[in-house]
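>>> sequence isn't available, so here's the structure alone:
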């Protein structure tokens, strides 16, 4: 079939599953997304599963956390930890705080791996950490985590 035989004004058959959108209507795409289903159309997430950004790193700064012994002993492998950007940190522009489920600071995402996660968070992406291991090494707690994107 040559391109000469394709008509530019060919209409789609009735009920083709596509909502007609006028090129002159500013909100036509949004309106089309909200047709049916009681006025709401479920828009799927881009990825059905969380994406592992950093499979294994350590939580930095644990030796500076008050009550770290109690906090570290309460963590279990698989626990989900909250990540919070701290772009005003004077020591690390890409600083990301690691917080437990009660909002207590556990430490920070290690500075050698935090730039890309920080940039993603600055762009509005939701990230979290997951505990991969907790080990006491002398007077220091080594808390291993993976960093995940769930957006």
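Great, that's in hand. These numbers come from a predicted model, not from an experiment. Numbers count the residues shown, from 1 in each chain.

>>> quick one: residue 96 and residue 108, what's the gap?
Distance, residue 96 to residue 108, by CB to CB, to the nearest Å: 6 Å. (Glycine included, C-beta is placed from N, CA and C.)

>>> who's in contact with the closest residue to residue 51 other than its chain neighbours?
The shortest distance from residue 51 to any non-neighbouring residue, by CB to CB, 6 or more residues apart in numbering, is to residue 149 (4.5 Å). Applying CB atoms under 8 Å, 6 or more residues apart in numbering to residue 149 gives the contacts 47, 50-51, 53, 120, 125-127.

>>> most neighbours, which of these?
residue 127 (23 neighbours; other CB atoms under 10 Å).

>>> and what about the residue nearest to it when sequence neighbours are not counted, helix, strand or coil?
Nearest non-adjacent residue to residue 127, counting by CB to CB, 6+ apart: residue 83, 5.0 Å away. Following DSSP: H, G, I helix; E, B strand; the rest coil, we place residue 83 in the strand state.

>>> what does residue 63 give?
Of the three states, residue 63 takes helix under three-state DSSP.
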